[in-house]
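A.B. asks: Next comes the sequence, and after it the predicted model I'd like to discuss.
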Amino acid sequence: MHSPVVKSAPVWGLSSEASALRTLNTFAVDLIQIPSVEDLFWYVAQNVVGRLNFVDCVIYQADDDQTRLTQVAAWGDKNPFGRNIINPLVIPFGQGITGKVAQTRKAIIVDDLLESQNYIPDTQPARSEICVPLVFRGRVVGVIDSEHPEPNAFGEAELEILTTVAALAGAKLELLAEAQRSQQRYRDLVASHDRLTEETGMRKALEAKLFEARRLEAIGKLTGRFAHEFNNLLTVILGNLELVETEATNPGSAEFLDEAKIAAERGARLMRDMLAFAQRTRLEPVALDLNELVTKFCDARHNDPALRPKLTLAEDPCRIMADRKAIASTLLNLVENARDATALGGRIMIQTENLTHTLPDAAGLAASLPPGRYVRLTVADTGIGIPPDRLPQIFDPFYTSKPVGVGTGLGLSIVQGFTQQSGGTITVTSEPGCGSSFQLTFPAIP
């Protein structure tokens, strides 16, 4: 290995100084458009060194650990496959002429490879070699290497040109690295914005749930106190009506007494519903078989064609812990709503099924359900459906779409409250003109 030697006229030389300057100027202009490190290396090998009358060119890329070089681009007889490197050569730092250049970060010219102990013979042995490091931010990122079959083929002019090419390539590497950093900063900014948007959405959703919980709690407290006091008054009224009925002698007074009793009984039922909504009614959960309960519910109403749903029952349903009267009232509320929705035509269906809820299933079930085994009760109809703008309101207390005097608007609120008290959830899907489906999901008894 020798130090760079100044030569006035190399054996093979450049075609002309003007041609070299044009090639370098074109390289400097095209640098802006080169999109990647890989494209840069191939451009240098084929479009720069290849046009400067070098016999061949091989570009090596250093690994991040600065321990080895890998052939990534080539031009000339050593690369007959275009941009494909077949069996790329790997050279450790410090080994051979190329490895020494990578280790010392200094360019080198070897006049006669036969006299160099560091020369590693190739498939096509050469006599002279020029090797220039690619340095980026104080690190060797690669090496530009060219060989020639004749000795003393390279001089100061070739060294200066390859050094200039290496400097331009290093500047482009800096631009590519900065572009990559900018893209990464942009991706990080987008990810941060997405996280902030998600957190803001979650916070707003939690605030909405908290507001709804407080609103229902306030309504429940007010409803409970009102219902309790008014129920006491109705008890007194009903008791006195019974006393008046026993003492009444006028035949016409019986009709008025009956109307008063009916109105008082409706008021008492409304108060019971209000107490249930306010969760002042004590539940007595027992182990229940939903199939058995649904079957008995339908059998008790076999004389009413409008309340004769189509049953699809699970073969071996799990049992649940629930209040028997409350779930019977829930079924009645849902089936009566389905009957009203199918008054102009349609069918009512009741279905029971076992579910095993895992985390990947969260999209198909209520989000608040922890993983586990559940039993789902579905009451569906093919009636008029619920308009999308009314769907979020159906569980609001005292909301009803029925005429005045027909419904109190507490039915679905009570269904929701009972389901939640029993550890389950209720979801509803509906489409106008196609019907509605109410799904109650209860934890199964282990």
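C.D. replies: Structure's in. What do you need?

A.B. asks: Dig out what the closest residue to residue 50 other than its chain neighbours forms beta bridges with.
C.D. replies: For residue 50, ignoring the flanking residues on the chain, the nearest one in space by Cβ to Cβ, 6 or more residues apart in numbering is residue 75 at 4.4 Å. C-betas here are computed from N, CA, C, even on glycine. Here residue 75 shows beta-bridge partners residue 57, assigned using DSSP bridges.

A.B. asks: wait, what's in contact with residue 75?
C.D. replies: Taking Cβ atoms under 8 Å, 6 or more residues apart in numbering as the contact definition, residue 75 lies against 45-46, 49-50, 56-58.

A.B. asks: Now do the strands in the stretch 1-150 of the chain.
C.D. replies: For the stretch 1-150 of the chain, the strands identified by DSSP state E, counting those that start in this stretch occupy 57-62, 68-75, 90-92, 108-110, 128-136, 139-148, in order along the chain.

A.B. asks: returning to what we had before: and which of the contacts of residue 75 is nearest to residue 27?
C.D. replies: The shortest distance between residue 27 and any of those, using Cβ to Cβ, involves residue 49 and amounts to 10.0 Å.

A.B. asks: And that closest one, how far from residue 58?
C.D. replies: Residue 49 sits 9 Å away from residue 58, taking Cβ to Cβ, to the nearest Å as the criterion.

A.B. asks: what's the overlap in contacts for those two?
C.D. replies: Common contacts of residue 49 and residue 58 (Cβ under 8 Å, 6+ apart): 75, 144, 146.

A.B. asks: Just send the residues you listed back as JSON lines, with distance to residue 161 and pLDDT too.
C.D. replies: Rendered in JSON lines, the data for the shared contacts of residue 49 and residue 58 read as follows (distance: Cβ to Cβ, whole Å; pLDDT from 0 to 100):
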{"residue": "75", "distance to residue 161": "15", "pLDDT": "83"}
{"residue": "144", "distance to residue 161": "11", "pLDDT": "92"}
{"residue": "146", "distance to residue 161": "11", "pLDDT": "88"}
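
A.B. asks: Check which element follows the helix or strand of the chain with the lowest mean pLDDT along the chain.
C.D. replies: The element with the least model confidence among the helices and strands of the chain, by mean pLDDT, DSSP states H and E, is helix 253-277, at a mean of 65. Toward the C-terminal end, the helix or strand that comes next after helix 253-277 (DSSP states H and E) is strand 285-288.

A.B. asks: Tell me which residues touch the residue nearest to residue 384 when sequence neighbours are not counted, please.
C.D. replies: Taking Cβ to Cβ, 6+ apart, and ignoring the residues beside it in sequence, residue 384 has residue 341 as its nearest neighbour in space, at 5.4 Å. If you count contacts by Cβ under 8 Å, 6+ apart, residue 341 has them with 381, 383-385, 435-436.

A.B. asks: for residue 423, what are its contacts?
C.D. replies: Under the criterion of Cβ under 8 Å, 6+ apart, the contact partners of residue 423 comprise 321, 442-443.

A.B. asks: And it, how far from residue 376?
C.D. replies: Note on residue 423: its distance to residue 376, by Cβ to Cβ, is 13 Å.

A.B. asks: Overlap of the contact sets of the two?
C.D. replies: Here residue 423 and residue 376 share the contacting residues residue 442, scored by Cβ under 8 Å, 6+ apart.

A.B. asks: Look up which helix or strand residue 354 falls in, please.
C.D. replies: Residue 354 is part of strand 348-357, with elements assigned from DSSP H and E.

A.B. asks: Average pLDDT for that strand, rounded please.
C.D. replies: Mean pLDDT, taken over the full extent of strand 348-357, equals 88.

A.B. asks: For the remainder of this discussion, apply numbering that starts at 307.
C.D. replies: Sure, I'll start counting at 307 from here, so that last one is strand 654-663.

A.B. asks: Buried residues, the following helix or strand past it. List them.
C.D. replies: Past strand 654-663, heading to the C-terminal end, the next element that is a helix or strand (DSSP H and E) is strand 678-687. Using 16 or more other Cβ atoms under 10 Å as the test for burial, strand 678-687 gives 680-687.

A.B. asks: And for the spatially closest residue to residue 350 that is not a sequence neighbour, the neighbour number?
C.D. replies: The shortest distance from residue 350 to any non-neighbouring residue, by Cβ to Cβ, 6+ apart, is to residue 475 (5.6 Å). When counting by other Cβ atoms under 10 Å, one arrives at 27 neighbours for residue 475.

A.B. asks: could you say what helices and strands the helix or strand harbouring residue 475 packs with?
C.D. replies: Counting by DSSP H and E, the secondary-structure element that holds residue 475 is helix 462-553. If contacts are counted by 3 or more Cβ pairs under 8 Å, 6 or more residues apart in numbering; DSSP states H and E, helix 462-553 sits against helix 323-336, helix 343-349, strand 434-442, strand 445-454, helix 559-583.

A.B. asks: Need these in TSV (columns: mean neighbour count).
C.D. replies: Formatted as TSV, the entries for the helices and strands packed on helix 462-553 read as follows, by neighbours: other Cβ atoms under 10 Å:
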stretch	mean neighbour count
helix 323-336	14
helix 343-349	19
strand 434-442	23
strand 445-454	23
helix 559-583	16
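
A.B. asks: Output the ones you listed as TSV; include the columns distance to residue 482.
C.D. replies: Formatted as TSV, these follow (distance: least, Cβ to Cβ, whole Å):
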stretch	distance to residue 482
helix 323-336	14
helix 343-349	6
strand 434-442	10
strand 445-454	11
helix 559-583	67
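
A.B. asks: circling back: confidence-wise, which of the contacts of residue 381 comes last?
C.D. replies: Within the contacts of residue 381, pLDDT is lowest for residue 356, at 78.

A.B. asks: is it true that that one touches residue 364?
C.D. replies: No. Residue 356 is beyond contact range of residue 364, at 11.6 Å (criterion: Cβ atoms under 8 Å).

A.B. asks: more neighbours, those two?
C.D. replies: When residue 356 and residue 364 are compared on other Cβ under 10 Å, the one with more neighbours turns out to be residue 364, at 26 against 18.

A.B. asks: thinking that one is in contact with residue 451, fair?
C.D. replies: Yes. Between residue 364 and residue 451 there is a contact under Cβ under 8 Å: 4.8 Å.
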